[in-house]
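Asks: Have a look at this prediction, sequence included:
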Amino acid sequence: MSTTEIERQWTSRLRKSVVAKLPPDKMLPDTQPAYVASWIYVFGVTTMAALFVVIVTGCILAIDGPVWWHSSSLGHFVNSMHLWAVEIFFFAMVVHLWGKFSMAAWRGGRSLTWVTGAVTFLASILAGFTGYVSQTNFDSQWIATQAKDGINSTGGGAFFNVLNLGQMLMWHIVLLPIAAVVLTGLHVVMVRIKGVVPPFEEKSSEVSA
Amino acid sequence: MSKKPFRPDVDAPEYKGPYAPYDIIKEGTIAVVVVALLTVALAIVFSSPDEKAITIKTWSTAAPVDFAQTALSELNGSSGVAGYGAPYNNGGPSQGWGFLQPEHWLGVHIPINTATDFVLNPLESQPATPSLSAALSQWNSASSSAQTAWTTAYSNASAKMTFSGGEVKVPTTKAGPVPVLINALTQMARSGALDQALVTQKGFYTTNYTKPLLFLSDGAYLGNLADAQHLGGDQWGMMNETGQWPGQAWLWLYTFWYQIPPWSTSASGDFLVWGTMMILTALFILVPFIPGLRSIPRRLKIYRIIWREHYAAQE
């Protein structure tokens, strides 16, 4: 096989492209710009850490099925962890979002990083909502019967039936976690490729186009 | 190489300053450990709510008159679900705004006939008794005008409905088989059989609770319990939780619109709220591309607090 033939392989081309865009020292950096020196930067990684705890506790809840936690003190405790991890997740994510908005973190070719973060936030809201209507208790009964009106008004209720426990549970434990994890992964890769947005230049200047 | 003006809300200056050591793996590990420990602590101290689900049985036992009156509304087609419209039936106007009528466009996808699905089919699944069989036969063979006359007579007298001796009683003699049907359904509900009948009309296995939840939502019992737990729509209930636990606080903006006119007063309030939120969501996602909106952070200058050390070093 010739060198040219090897270079034309999809695998070779993909590897070269990935390494060119995201070399190891960018993916796993050991230094960062000195301006990254504020507590606000903690909330991005806190969001990811909370997502990790949410997924782990959700997996434990999944082992014995959706109603286990009603009759087991251990199950109830894991459910409590799941709830509080979700609360931390959203708190950290909202602070992270406001922080990034205040920095105009989309500057310097980082628009898609902002967009993936915003869409992850929306996917997370939907994931949280489907969790609330999958609790199989009074809360889920009430939330489902109220939420149906909003979703039905958009026409979406014809396909996304919040009163259908099986459908909501599958969205909650399969589709939306996959969406949240994939989007978060894309978001992090984009952050690593482009780096953390620099501070505003307060003097007028020009950049090369 | 061409030069173009620097756009401060789009372009970022090239950073040529110093770098500091950064251990990304250590940071991630510490974050996971801290969040896990914090989660455990919060779970131990605050636990989580788990208000038991109500059933048709608990509803009809605790509030038999409310149940029986709801059953009547399902039979005569005056209930909320009977007059809901899409996606359940063609019983009412769909929500929309101007030419935008997505609920109407998508039509009936989850067909619900409240008389058949909530009253008659469950009763027909019951072991036959002479009085119930006769009542069902009389109802099914009657003209719609006769059925309407019976339910109207029953409805007119239902303000004086009582429940005593295990039976629903309404002072009328002109309601045909309706008293027997409503009473039989109430008995069925109080035995727990209606809970099962509503979820098993399509076979052995089910994970779909659309019918019992819709039936529950038509009565006053579920709403009264929710209001007592500050979960009502006009109580910012969407972001509340049973007891004192935090709920979906991140839905504050969504539930905000339900508190103020015209969203709170419009017959298409849900559609207007969703429409408003979709527009705001689009703006949120597309901030980087919208002139004016993307300038807000630079004008607010909150970034000077975030990067205060950087700017202090420059001065």
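Replies: Cool, got the structure.
Asks: hey, where'd the strands end up in chain A?
Replies: For chain A, the strands defined by DSSP state E cover A:31-33, A:206-208.
Asks: averaging pLDDT over each of those, which comes out lowest?
Replies: Among these, strand A:206-208 has the lowest mean pLDDT, at a mean of 39.
Asks: Which elements pack onto the longest helix seen in chain A?
Replies: Longest helix in chain A by number of residues (criterion: DSSP state H): helix A:73-102. Packing partners of helix A:73-102 (3 or more C-beta pairs under 8 Å, 6 or more residues apart in numbering or on different chains; DSSP states H and E): helix A:42-63, helix A:68-71, helix A:111-132, helix B:24-46, helix B:296-300, helix B:303-306. (C-beta placed from N, C-alpha, C; glycine too.)
Asks: CSV please, covering the ones you listed and showing mean neighbour count.
Replies: Converted to CSV, those look like this (neighbours: other C-beta atoms under 10 Å in any protein chain shown):
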stretch, mean neighbour count
helix A:42-63, 20
helix A:68-71, 16
helix A:111-132, 21
helix B:24-46, 15
helix B:296-300, 15
helix B:303-306, 18
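Asks: want to try a markdown table for the ones you listed, with distance to residue B:232 and mean pLDDT as columns?
Replies: Listed next are the helices and strands packed on helix A:73-102 as a markdown table, based on distance: least, C-beta to C-beta, whole Å; pLDDT from 0 to 100:
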| stretch | distance to residue B:232 | mean pLDDT |
| --- | --- | --- |
| helix A:42-63 | 29 | 98 |
| helix A:68-71 | 25 | 97 |
| helix A:111-132 | 16 | 97 |
| helix B:24-46 | 24 | 97 |
| helix B:296-300 | 35 | 96 |
| helix B:303-306 | 39 | 96 |
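Asks: show me the residues around the residue of the stretch 1-150 of chain B found nearest chain A that make contact.
Replies: Distance from chain A to each residue of the stretch 1-150 of chain B (C-beta to the nearest C-beta) is smallest for residue B:12, at 2.8 Å. By C-beta atoms under 8 Å, 6 or more residues apart in numbering or on different chains, the residues touching residue B:12 are A:107, A:108, A:109, A:110, A:197, A:198.
Asks: count of neighbours near the nearest residue to it once chain neighbours are set aside?
Replies: Nearest residue to residue B:12 in three dimensions, chain neighbours excluded: residue A:108, at 2.8 Å (C-beta to C-beta, 6 or more residues apart in numbering or on different chains). Residue A:108 has 19 neighbours, counted by other C-beta atoms under 10 Å in any protein chain shown.
Asks: got a list of what the residue of the stretch 151-300 of chain B found nearest chain A touches?
Replies: Relative to chain A, the nearest point of the stretch 151-300 of chain B is residue B:207 (2.8 Å; C-beta to the nearest C-beta). By C-beta under 8 Å, 6+ apart, the residues touching residue B:207 are A:164, A:165, A:166, A:167, A:169.
Asks: restrict the residues you listed to contacts with chain B.
Replies: The subset of the contacts of residue B:207 within reach of chain B, by C-beta under 8 Å from any C-beta of the partner chain, is A:164, A:165, A:166, A:167, A:169.
Asks: quick one: which two of those residues are the most distant?
Replies: Using C-beta to C-beta, the ones next to chain B among the contacts of residue B:207 span at most 9.1 Å, a distance reached by A:164 and A:169.
Asks: sorry, back to before: please tabulate the helices and strands packed on helix A:73-102 in TSV, including the columns distance to residue A:176.
Replies: Formatted as TSV, the helices and strands packed on helix A:73-102 follow (distance: least, C-beta to C-beta, whole Å):
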stretch	distance to residue A:176
helix A:42-63	11
helix A:68-71	19
helix A:111-132	4
helix B:24-46	20
helix B:296-300	30
helix B:303-306	31
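Asks: For residue A:77, which non-adjacent residue is spatially closest?
Replies: Nearest residue to residue A:77, sequence neighbours excluded (C-beta to C-beta, 6+ apart): residue B:43, at 5.9 Å.
Asks: Please apply the same query to residue B:64.
Replies: Per C-beta to C-beta, 6+ apart, closest to residue B:64 is residue B:163, 4.1 Å.
Asks: same deal with residue B:200?
Replies: With sequence-adjacent residues excluded and distances taken as C-beta to C-beta, 6+ apart, residue B:200 is closest to residue B:206, at 6.2 Å.
Asks: so that neighbour makes contact with residue B:196?
Replies: No - using C-beta atoms under 8 Å, residue B:206 makes no contact with residue B:196, being 10.0 Å away.
Asks: Now the element after the lowest-mean-pLDDT helix or strand in chain B, going C-ward?
Replies: Ranked by mean pLDDT, DSSP states H and E, the helix or strand of chain B with the weakest confidence is strand B:3-5, at a mean of 81. Going down the chain from strand B:3-5, the next helix or strand is strand B:19-21, by DSSP states H and E.
Asks: where in chain A is pLDDT low?
Replies: The model of chain A has pLDDT under 70 over residues A:1, A:203-209.
Asks: can you rerun that using 80?
Replies: Within chain A, the segments meeting pLDDT under 80 span A:1-2, A:202-209.
Asks: cool, and chain B?
Replies: Along chain B, the model assigns pLDDT under 80 to residues B:1-3, B:92, B:200-203, B:233-234, B:238, B:315.
Asks: Tell me where it has strands.
Replies: Under the criterion DSSP E, chain B contains strands at B:3-5, B:19-21, B:162-164, B:167-169.
Asks: What residues of the longest helix of chain A count as buried?
Replies: Neighbour-count burial for helix A:73-102 flags A:75-93, A:95-97, A:99-102 (criterion: 16 or more other C-beta atoms under 10 Å in any protein chain shown).
Asks: Repeat that for stretch B:188-207.
Replies: B:188, B:189, B:190, B:193, B:194, B:195, B:196, B:197, B:198, B:199, B:206.
Asks: Put together CSV for these, with distance to residue B:141 on each row.
Replies: CSV is the format used below for the buried residues of stretch B:188-207 (distance: C-beta to C-beta, whole Å):
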residue, distance to residue B:141
B:188, 22
B:189, 25
B:190, 28
B:193, 25
B:194, 24
B:195, 29
B:196, 28
B:197, 23
B:198, 25
B:199, 29
B:206, 31
